[in-house]
Every structure is written in C-alpha cells, then in structure tokens.
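Colleague: need coordinates for the below:
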Amino acid sequence: MIDNATRQFIDGHRQCDIHQLALQARSHGDVDMVVAVEQIAGWQKARTKIPSWAAHKDIVYPAHLSLEQCSSEQTAGYKQRLCRRLLHDLAEGRHESMADLTGGFGVDFAWLCSLFDKGIYVERQERLCACARHNFEVLGLTQAEVVEDDGQTVLDSLPHQQLIFVDPARRDSHGGRTFAIDDCTPDVLQLLSTLLQKADIVMLKLSPMLDWHHTAASLNHVCADSVREIHVVAMGNECKELLVVLTARASDLPITIHCVNDDHTVVFTDTPAPPLPLVDNNIPLKKKHLFEPNAAVMKAGCFSALAHHFGVTALDPNSHLFVSDTPIKDFPGRQFIIQAVSTMNKRMVRQHLAGIQKANITVRNFPISVADLRKRLRLTDGGDTYIFATTIGKEHLLVITEKALG
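Modeller: So this is what the prediction gives:
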C-alpha cells in the first residue's frame, strides 16, 4: 500500500513533530509526504491507544477521524473477554462465525474475530476496507473476510452468526455528534428484529452519553426482553462507551448492569432497590470514611443498590457521596478520611482551612463552580487536601478530607 521510499521515511521519522515534517515536504521529492505525515500521526496516536498494533511497523493507519473514533486496546480487550464469557454461556458453546457490520478501523473486530473460526468485517468506505485487508494479514487474522458494502444490506443475506457486533456512527450528515440511539447510523431500532434472528448474541457499542434506562426501554419496546446486559465501560475514570448485550432467547432474569473502570467491575441488577440510606445529621462526620464512586458507577446511577451492597450511607440523595465508619477494600471509587466539615460561614472557613494553601476541589450538588469556589477560598490546585463542596439537606457544606491509604 505504501511505496518503499515513503515507508523508509516513515520508519525513520516516527518520533518527529508532524507539523515540522509537513513544512519540509518539498525537500523529500521521492516521498509521498501526505501519506507519510498521516501514517506517522497515526502511529503516534496508536502507540498509546493500540500499542500492540503500533508494535507492527507494517500496520497502515486511516485518516485522523477513524483513528480518533476507534476503540482503544483496553476497551477492545474488555469486549473480547465479555464475548468469551457469553460464548461459554451458549448452550452449543460454538465459536463458528461472527460479523461486525460497522467495521471502521477494525480494532474491535480484530479482538473479537480472534475468538472465532471466521469473522466478517463489513465497511462502506473503500479506504478503510483496504486498510483492513492489509492490517488483518499483518496481524495473522487469516479467518477475516473483508466485505466492502453497507452493513444493513449485508445483514439481509448474512447467514446465522454466533455474534453480530454493531457500532453505529454517532455523527449526522453534517458532522455533528448524535447521542440518541435512533439518531445513529445504522438505526439499530429498525434492524433489531433482523439482528436477533441472525445471531445468537447481538452486541451494540453506543455513546457513553446515552441514558441506559432509556436505551434499554427503547430496545425492549421493539423486541420484548431482548436486553440482557448493560456495560458502562470507563478507563482511567472516564466513561468511554456503553455496551448493550441482546439475545432472542427467553429469560426471566433481570437486566444486569456492569460498571467497569479499568480492571475493577461491580455488577448490579435492574430490580427495585430499597430506599437510599441517608446519614443522621446529628452524628459527627469527622474521621468517617468518605467514598466517591467512580465514573462508571456515577453514569449507571445505581446509588441505592451501591449503598446497600457496600454498607455505606449517602450524605444526601443528590450528592452521590457516601460515608462509612470503616474503609471498604473493594469499593468502586476513591476513598478519603474526613478531617472537618465546614459551613460557608467566613469565620468557620478560615478556622477549618487554617494553614491550607493548596487543595483538590470537587463540587457535587453545589451552586458554585470549582473555579469560583477556589477563588473564594483562595486556594491553589493540588496538595494532600481534598475538599468536597456539597449540599446536605438545604445547607451548603465543605467536607474537608485527606486521601485514605491503600
């Protein structure tokens, strides 16, 4: 795909500044600098996002947008582990064939395809299909078949699969971001009945901005009780994607919600939870342990189930901060020890922040932004003090903490 002179230039300039290289285009007449700069930029992105691919010097990278939108190696690996478990749960335990109807750069496909005897990669863009054919050969995915066509068209003639994976495009025809499931392309709500007829398992990768309750309800409205699992996937405490697992197989079990942050997963069920336990305002909070759920749990919003599962109580129904008398080893989030609780009274603030010049500030259900609060408190960012500005009842409070060890 890339001529020898351009390939040699790429190999020798991977660490260089791409903007500087672009300015030197005329001094390398035998090199296709447009291709070279694109490939170097792609490799520089891939070495952190998809390091095992970046380790292959012959991998070819697509335009910036496709690389920006593709899954990371971490999230693709999570899908692979999820798929392995789902296949194990199938009564037949078959690993014959899977299809990805929205191939893109092919990261998710490569990780999933490795579990099957055959993988069908479907993509409309000719350039991406050419990249995929080349890269799958480099990666040794001999079972991969690349189909340049529209996924919806291919679906109609697709033989039965153990898995169909769909990652709908989240941009409209004008390039703007879309977040509603029925605004993405393809519209999986219209395709859902066919998808479930064609596959034992359907896996959807959706925007982390979607509300999973509404998403599950929309899908189940089209095909009753088809949603089996919801996976809120975060990496480095940043939500990356929402995975939905569907099947046509009847089940009386409730939907399970899997909150994933890096290597830590906590699972809840979509069943009515007991009332959210709240702190007694008459009990001092000093020296109690404070817990801040990670991004996946915050997105899932299963706060009552979380509180009962881990034996913690909420500071307020809207604070999403929890306390306990003791540390909790497996709590999905950060843990702190409360040193003091202050009202916004100036005298009390001076008293409790005496000697503190730096602090990490978080606001939860609080009427002032972090920047404005930092300015009012005259604190710079950083240090070992963590301040949670929140509202308990009707009172605005500063919960001053230090990070718990371990």
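Colleague: which secondary element of the chain has the worst mean pLDDT?
Modeller: Between all helices and strands in the chain, the lowest mean by mean pLDDT, DSSP states H and E belongs to helix 18-23, at a mean of 77.
Colleague: list of residues touching it?
Modeller: His13, Met33, Ala36, Val37, Ile40, Ala41, Gln44 (C-beta atoms under 8 Å, 6 or more residues apart in numbering). Backbone N, C-alpha and C define where each C-beta goes, glycine included.
Colleague: measure Asp187 to Met203 for me?
Modeller: Distance, Asp187 to Met203, by C-beta to C-beta, to the nearest Å: 17 Å.
Colleague: who's more crowded, those two?
Modeller: Higher neighbour count among Asp187 and Met203: Met203, with 24 against 13, using other C-beta atoms under 10 Å.
Colleague: contact partners for Ala46?
Modeller: In this structure, Ala46 makes contact with Trp53, Ala54, Ile59, Tyr61, Leu67, judged by C-beta under 8 Å, 6+ apart.
Colleague: pull out the buried residues from the host helix or strand of it.
Modeller: Element membership for Ala46 (DSSP states H and E) is helix 33-49. If you call a residue buried by 16 or more other C-beta atoms under 10 Å, then helix 33-49 has these buried ones: 33, 35-46, 49.
Colleague: quick one: distance of that helix to the chain centre.
Modeller: Mean-position distance between helix 33-49 and its chain equals 23 Å (C-alpha atoms, centre = their mean, to the nearest Å).
Colleague: hmm, back to that, okay if I get the contacts of helix 18-23 as a markdown table plus pLDDT and distance to Val370?
Modeller: Below are these laid out as a markdown table (pLDDT from 0 to 100; distance: C-beta to C-beta, whole Å):
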| residue | pLDDT | distance to Val370 |
| --- | --- | --- |
| His13 | 80 | 41 |
| Met33 | 80 | 44 |
| Ala36 | 84 | 43 |
| Val37 | 85 | 38 |
| Ile40 | 88 | 37 |
| Ala41 | 89 | 33 |
| Gln44 | 91 | 32 |
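Colleague: can you tell me which of the residues you listed is nearest Glu145?
Modeller: Nearest to Glu145 among those: Ala41, at 29.2 Å, using C-beta to C-beta.
Colleague: Leu65 is in contact with the closest one, correct?
Modeller: No. If you go by C-beta atoms under 8 Å, Ala41 and Leu65 don't touch, sitting 12.0 Å apart.
Colleague: run a quick neighbour tally on Ala389.
Modeller: The burial metric for Ala389, expressed as a neighbour count using other C-beta under 10 Å, is 22.
Colleague: need the pLDDT of it.
Modeller: Looking at Ala389, its pLDDT stands at 98.
Colleague: wait, it sits on Ser369?
Modeller: No. The pair Ala389 and Ser369 does not pass the contact test of C-beta under 8 Å, sitting 9.7 Å apart.
Colleague: which residues do these two both contact?
Modeller: Between them, Ala389 and Ser369 have Val363 as joint contacts when contacts are counted by C-beta under 8 Å, 6+ apart.
Colleague: ok, and for stretch 363-376, which residues are buried?
Modeller: By 16+ other C-beta under 10 Å, the buried positions in stretch 363-376 come out as Val363, Arg364, Asn365, Phe366, Ile368, Leu373, Arg374.
Colleague: do stretch 58-71 as well
Modeller: By neighbour count on 16+ other C-beta under 10 Å, the buried set for stretch 58-71 is Ile59, Val60, Tyr61, Pro62, Ser66, Leu67, Cys70, Ser71.
Colleague: doesn't the fifth one belong to a helix?
Modeller: Yes. With DSSP: H, G, I helix; E, B strand; the rest coil as the criterion, Ser66 is located in a helix.
Colleague: which segments of this structure make up each domain?
Modeller: As given by automatic domain parsing, the domain ranges for the chain are 4-61, 69-269, 289-403.
Colleague: mind checking those domains for the one nearest to Asn282?
Modeller: The closest approach between Asn282 and any of the domains of the chain, judged by C-beta to C-beta, belongs to domain 289-403 at 12.0 Å.
Colleague: pull the distance from that closest one to the chain's centre.
Modeller: Averaging C-alpha positions (C-alpha atoms, centre = their mean) puts domain 289-403 24 Å from its chain's average.
Colleague: what pLDDT does the model give Val34?
Modeller: What the model reports as pLDDT for Val34 is 81.
Colleague: how close does the residue positioned nearest the centre of the chain sit to Leu210?
Modeller: Centre of the chain computed as the mean C-alpha position; nearest residue by C-alpha atoms, centre = their mean is Lys240, 1.9 Å away. For Lys240, the distance to Leu210 equals 13 Å [C-beta to C-beta].
Colleague: what does Cys223 give?
Modeller: Cys223 sits 18 Å away from Leu210, going by C-beta to C-beta.
Colleague: please enumerate the strands of the stretch 51-200 of the chain.
Modeller: 97-100, 118-123, 144-148, 161-166, 199-206 (DSSP state E, counting those that start in this stretch).
Colleague: using JSON lines, lay out those together with mean pLDDT.
Modeller: Rendered in JSON lines, the data for the strands of the stretch 51-200 of the chain read as follows (pLDDT from 0 to 100):
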{"stretch": "strand 97-100", "mean pLDDT": "98"}
{"stretch": "strand 118-123", "mean pLDDT": "98"}
{"stretch": "strand 144-148", "mean pLDDT": "98"}
{"stretch": "strand 161-166", "mean pLDDT": "97"}
{"stretch": "strand 199-206", "mean pLDDT": "97"}
